[in-house]
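Trainee: One predicted model, sequence on top.
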Amino acid sequence: MALIIDGKKIAESIRAEVRAEVEEIKKNRGRLPGLAFILVGEHPASQSYVKMKGKACKEAGFNSLTDRLPANTTEEALLARLRELNEDPAIHGILVQLPLPKHMNESRVIAAIDPRKDVDGFHPVNVGKLMIGEETFVPCTPAGIQELLMRSGNDPAGKHVVVVGRSNIVGKPIANILLQKRAGANAIVTIVHTGAADMAPYLKSADILIAAVGKPEFIHGEQLKPGVVVIDVGINRIPDPGSKTGSRIVGDVHFESAAKVAKAITPVPGGVGPMTIAMLMKNTLKARNLIEKR
Ligand code: GUN
């Protein structure tokens with residue numbers, strides 16, 4: 001049976017590291033990290049994510065504010081608000097919760113965030129820096145995956161990492177992170193996606209499999225190589241008549257069958273999920289330290 005990689009525990013140790021550094025800042029009467037959230041509209045999952053992130057800020061000792069804007073807010077009004085936050089010395093990180101309402105151009109909105117305050121790592125300048133191996137803000141979920149691998153003793157160096165999915169939030173950045181010639185990376189990386197006529201040979205050759213497709217239990221243990229390390233990024237709600245709520249959350253990997261062949265595997269929930277917020281705290285602290293140092 002596979003070892004379970006406890007994302008909750010690893011995330012908690014990262015959050016404790018951040019808290020300790022905030023204590024130091026307080027002792028030295030420095031400016032506390034400040035993170036601004038912008039939530040446009042009533043997307044239920046987004047509302048719950050922003051609430052959780054705000055709570056994490058409080059626990060970390062950060063200052064935070066949340067702008068809840070109506071769904072019919074104009075893009076111009078949102079851009080004006082971003083200009084204010086870019087100039088606000090108490091704010092070190094800005095997070096515009098995605099997805100935005102259809103009438104807004106997401107790329108234009110992301111590009112309006114000061115790259116030095118882009119703690120999501122979505123601004124094209126930061127995406128480009130990651131690709132050419134410069135120091136930058138790395139998107140939180142993929143940054144969390146790298147931490148999970150390293151802190152669970154599964155250094156990706158020299159390993160064949162197969163990423164399933166090519167999104168801008170997970171697939172593409174995690175591939176770029178693990179491809180870098182540096183400690184914690186240096187992997188041989190393949191990205192496989194819906195364009196593949198047959199995914200089987202790719203899946204079977206993975207030493208480390210990172211599943212970020214958004215399809216419930218899409219990958220089964222029989223498709224994997226014995227001894228593989230499985231990182232499951234999926235968060236999918238499926239009907240479950242046997243449960244109190246009538247549904248439950250599963251990953252992109254069929255856990256029971258994969259756990260039989262894998263050396264280690266992340267559970268869903270409690271694997272990658274908790275790492276995203278922990279890395280957001282880490283990125284915000286980093287933004288604060290870079291901005292206050294100037
Ligand atoms: N929506 C889903 N994931 C994310 C994320 O990591 N950051 C933001 N801003 N929006 C998201």
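Mentor: Perfect, I can see it now.
Trainee: Pop out the phi and psi values for residue 65.
Mentor: Main-chain torsions, residue 65, degrees, to the nearest 10: phi -140, psi 150.
Trainee: didn't it look like it was pressed against residue 37?
Mentor: Yes - using C-beta atoms under 8 Å, residue 65 is in contact with residue 37, at 7.2 Å. Every residue, glycine included, has its C-beta placed from N, CA and C.
Trainee: Look at those two and report which has more neighbours.
Mentor: A count of neighbours by other C-beta atoms under 10 Å puts residue 37 above the other of residue 65 and residue 37, at 21 against 15.
Trainee: and residue 238, what are its bridge partners?
Mentor: Beta bridges link residue 238 to residue 248, judged by DSSP bridges.
Trainee: Would you check that it makes contact with residue 254?
Mentor: No - checked against C-beta under 8 Å, the pair residue 238 and residue 254 is beyond contact range at 11.6 Å.
Trainee: Neighbour count: those two, which is higher?
Mentor: Set residue 238 next to residue 254 and count neighbours by other C-beta under 10 Å: residue 254 wins out with 18 against 10.
Trainee: I'd like the distance between residue 204 and residue 162.
Mentor: For residue 204, the distance to residue 162 equals 9 Å [C-beta to C-beta, to the nearest Å].
Trainee: Now the stretch 1-150 of the chain against the ligand: closest residue?
Mentor: residue 98 (3.7 Å; C-beta to the nearest ligand atom).
Trainee: Around the ligand, pick out the residues from the chain.
Mentor: With C-beta under 6 Å from any ligand atom as the criterion, the chain meets the ligand at residues 95-98, 120, 140-141, 169.
Trainee: redo that, cut-off 5 Å
Mentor: Taking C-beta under 5 Å from any ligand atom as the criterion, the chain approaches the ligand at residues 95, 97-98, 120.
Trainee: so what's the residue of the stretch 1-150 of the chain closest to the ligand up against?
Mentor: 46, 106, 169 (C-beta atoms under 8 Å, 6 or more residues apart in numbering).
Trainee: rewinding a little: please enumerate the shared neighbours of residue 238 and residue 254.
Mentor: Counting by C-beta under 8 Å, 6+ apart, the residues touching both residue 238 and residue 254 are residue 217.
Trainee: Confirm residue 291 sits in a helix?
Mentor: Yes - according to DSSP: H, G, I helix; E, B strand; the rest coil, residue 291 belongs to a helix.
Trainee: Just the pLDDT at residue 293, thanks.
Mentor: Looking at residue 293, its pLDDT stands at 89.
Trainee: that older thread, among the residues of the chain next to the ligand, which one has the most neighbours?
Mentor: Neighbour max across the residues of the chain next to the ligand (other C-beta under 10 Å) = residue 95, 25 neighbours.
Trainee: what's around the nearest residue to residue 227 once chain neighbours are set aside, how many residues?
Mentor: Spatial nearest neighbour of residue 227, chain neighbours left out: residue 263 (4.8 Å); criterion: C-beta to C-beta, 6 or more residues apart in numbering. Here the number of neighbours of residue 263 (other C-beta under 10 Å) works out to 15.
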